[in-house]
Structure formats: C-alpha cells, structure tokens
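Enquirer: Here you go, sequence then predicted model.
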Amino acid sequence: MTDAEILHYITTDDRDEAEGLYALARGVREEHYGKDVYFRGLIEFTNYCKNNCFYCGIRRDAEGVNRYRLSAEQILDCCRIGSGLGFRTFVLQGGEDPYYTDGMITEIVRSIRNEFPGHAITLSIGERGRESYENFYSAGANRYLLRHETADEAHYRAMHPASMKLAERKECLYTLRDIGYQIGAGFMVGTPFQTPECLLEDLRFLEDLDPHMVGIGPFIPASGTPFAGHPAGDEGLTLRMVALTRLLLPRTLLPATTALGTLTPDGREKALLAGANVVMPNLSPVDVRKLYSLYDNKICTGDEAAECLRCMALRIRATGFTPNMGRGDSQVPFRPGAAECQVSLKLA
Ligand code: 5AD
Ligand code: FES
C-alpha cells in the first residue's frame, strides 16, 4: 500500500469502507491462522516503575497508586494456577522496576522453565541492556513484549520525559530480535499530539521490524498523570489500525487488547472481527489486579483467573472463533505449510 492509501484508511469516516477493511483483514488472518484465537496468561508482577511516561497510570510520579511487588513464589503460583487452567504461555509484565535485578529475573525465569519445560515464557519488563536480555533468554525466556509506543520522534518526545529516547527503545527491539526472542512491539491509538502521519510511521516501522506480535490499544486517560485530562482514543481508528496491521504484516499475532475492551464493552470482539487473533486474560492475584492501573476503569480486575478464562472463551465462541490454549507460536518468519497470502487489495 502506498502512503496515500494508508493515510486514506487512517482518516476515513466512511463506515462501509471501514467494514470492507475489517473484512479483508479477517480474510487474511483466516488464511494464516484459521479461526483460532490464542490465549496468553498475563501476570502483572510489579506496579513500581522508574520511568515517568506522561500517559501511564503507574508512572513514577503517579498520584494515589498503592504499589505492590509479587515474590518469585507468588509468580510461580500464578503460573501453576494458569497451567492448571490450560494456559501454555505466561507473560510476566511489570513496570521498569530495578528492585528485580537481572539475577532475580533470571532466577524467576529459570524456576518457571524448570517446572514448565514446554510452556512459552514471555517477558515484558521494559528496556534493559543486551547482556540482561541474553541472560533471560539463556534462562529459558522465549518471547519479549516491548511496545515502541510511537515511531515518530517528535511524538515520542511529547509523551515521554527527555531521559527516554525512541532510538534506544527501537534498538532494544532489534537486539531482542537478534538474540532470538519472538518479539512484540506496538503502539497506542489516540495519544495526545498523535497525527495520521504518526500512525503511518508506526506501520512503516513495524514493516521494517517485522515483529511476531503487535499490541494495539486505544489511549485511555489515567487519573494522576499529566495526560489525565485528554480524551480517550477512538474505537473505529483503533480497529482500522488493527486491520491495517493485519494487512501489512499478515502473519503477525494481534491481541484484542484489554484497553479496547475497556473503551467499549464489545471492543475485543470487534478487534477479533478486524483481524486480531490473541487474547491475554489476567492471571495476577485478584487482590493486586486493581493496582495495575495503567489507565482508568480497566476491566477484568475483579474476576478469578478461571472466571476470566471462561468469560473470554464464551466471547470468542459467540463471535464465531475457536479458543486455542496452545502455545500459538507466531508464523513469523514464514514456516512452510502456512497458507500463502492470497489477498490483493482492491482500492476504490
Ligand atoms: N492508555 C492505554 N494504554 C496504556 N499503556 C500505558 N498507559 C496507557 C494508557 N493510559 C500501555 C502502553 C504500555 C502497555 C503495557 O500499556 O502501550 O506499553
Ligand atoms: Fe513505566 Fe512508562 S511509566 S515505562
């Protein structure tokens, strides 16, 4: 697609055109992954963060946040509960919390790997050095999620303190990829100061990086942050970005994000119908769920893991898809046997 075509779909307010885009994306996703929707069990193990991103509800200076950290044993217990429920992928996510030294993360990964030799272990703990990433990988981590947040320099500076650098974040992603991780990047839709050109830049960056997963969700204001007074991102634009990402990176894994489900009650179902094929139910202990408050009114903070799983499986079936509890490895890079992309875009 040319820049002009992509910008046209980013900015369109024509419902039929958007529906056509979702249908195309749905077709491409089905070519590569069929009707399956893959589950990842999310363990939010710390809401401490040394960074101060202007949008984030657990930023260092966020007001009114009760901070918590899970012990290695508590994290393992989450994995045990998750595995018992059928999860084969654990995502350990947290703020950038130096309390968890490289040695501690390595030990946590090693103990999960020992107990669950066949499960996928995903880390999502922000920017660290190559050596740290290598140590985690050697200990048994397979995947790493690090949203780039925006690929536009000026926009990145408008959302982060000067100490945070887009170039360093991108470098981390290329390093992770080079080490052998399956990587996930991604961005928010509707963050303050975002333009259509920023979103185009996100897609072009993703084409170059070619990640195994791309997390896309709407910006939702978080109280106690500098962006608390800004409006939330638009549902339609978020769905169009999911669909465009599916068309440009046909084999990537695309989560139907919790943020989209928070913005609109059926947001995740709509994402599945626009090319998404992953859900990430929460395995964190219920007593800390509400504290991992990246944005206001986050859904699914009251339910036990088993209840979240049941609810997601029902929603997936009701939308015409099939829950798949397997590891759901990405089709990036292309593995022989996967259907080749047949769809060619016919633009009006
Ligand atoms: N609204 C939506 N998503 C947010 N994130 C952080 N703050 C917000 C917010 N206010 C997202 C970021 C981060 C991911 C874990 O959560 O993209 O990478
Ligand atoms: Fe924690 Fe942005 S506030 S990484």
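Expert: Arrived safely. Ligands and ions are numbered 1, 2, ... in the order given.

Enquirer: As a check, name the ranges of all strands in this protein.
Expert: 36-39, 41-46, 89-94, 120-124, 143-145, 182-189, 213-218, 278-279, 322-324 (DSSP state E).

Enquirer: Pull the residues that contact the last one.
Expert: Just to be clear, that refers to strand 322-324. The contact list for strand 322-324, computed with C-beta atoms under 8 Å, 6 or more residues apart in numbering, reads G34, K35, D36, V37, Y38, F39, M312, A313, I316, R317. Placement of C-beta: from N, CA and C, glycine included.

Enquirer: Pull the most distant pair out of those residues.
Expert: Spatial extent of the contacts of strand 322-324 (C-beta to C-beta) is set by the pair G34 and M312 at 18.0 Å.

Enquirer: Neighbour count for the two, which is higher?
Expert: The neighbour count for G34 versus M312, taken as other C-beta atoms under 10 Å, is higher for M312 (21 against 13).

Enquirer: do you know how far the more buried one is from R15?
Expert: The gap separating M312 from R15 is 28 Å, by C-beta to C-beta, to the nearest Å.

Enquirer: Please apply the same query to A185.
Expert: Computed as C-beta to C-beta, the A185 to R15 distance reads 29 Å.

Enquirer: L146 too?
Expert: Per C-beta to C-beta, L146 is found 34 Å from R15.

Enquirer: confidence score at the residue positioned nearest the centre of the chain?
Expert: In the chain, the residue lying closest to the centroid (C-alpha atoms, centre = their mean) is G215, at 3.2 Å. The model reports G215 with a pLDDT of 98.

Enquirer: So for it, what's the nearest residue that isn't a sequence neighbour?
Expert: Using C-beta to C-beta, 6 or more residues apart in numbering and skipping the chain neighbours, the partner closest in space to G215 is G186 (3.2 Å).

Enquirer: tally of neighbours for that neighbour?
Expert: Neighbours of G186 under the rule other C-beta under 10 Å: 21.

Enquirer: List the residues that contact it.
Expert: By C-beta under 8 Å, 6+ apart, the contact list for G186 reads L145, R147, H148, E149, M213, V214, G215, I216, G217.

Enquirer: and the two most separated of those?
Expert: The widest separation within the contacts of G186 (C-beta to C-beta) is 15.0 Å, between E149 and M213.

Enquirer: give me every residue that touches the residue nearest to the centre of the chain.
Expert: Neighbouring residues of G215 by C-beta under 8 Å, 6+ apart: L145, R147, G184, A185, G186, F187, P255, T257.

Enquirer: Give me the more crowded residue out of L146 and R15.
Expert: The neighbour comparison of L146 against R15 (other C-beta under 10 Å) goes to L146, with 23 against 9.

Enquirer: Please name the residues that touch the more buried one.
Expert: Residues in contact with L146, defined by C-beta under 8 Å, 6+ apart, are S124, G126, E127, R169, C172, L173, L176, I183, G184, A185.

Enquirer: now it: how far from L24?
Expert: 29 Å.

Enquirer: ok, now L42?
Expert: Going from L42 to L24 by C-beta to C-beta gives 29 Å.

Enquirer: tell me, which of the contacts of G215 make contact with ligand 1?
Expert: Among the contacts of G215, the residues lying close to ligand 1 (C-beta under 6 Å from any ligand atom) are R147.

Enquirer: Of all pairs in the contacts of G215, which one is the farthest apart?
Expert: Spatial extent of the contacts of G215 (C-beta to C-beta) is set by the pair A185 and T257 at 13.6 Å.

Enquirer: show me where the stretch 101-250 of the chain has helices.
Expert: For the stretch 101-250 of the chain, applying DSSP state H, counting those that start in this stretch gives helices covering 102-115, 130-139, 153-159, 166-179, 196-209, 235-248.

Enquirer: what's the angle between the fifth one and strand 182-189?
Expert: It refers to helix 196-209. Counting by axes from the mean of the first three to the mean of the last three C-alpha atoms, to 10 degrees, helix 196-209 lies at 180 degrees to strand 182-189.

Enquirer: That's all I had, so thanks and see you.
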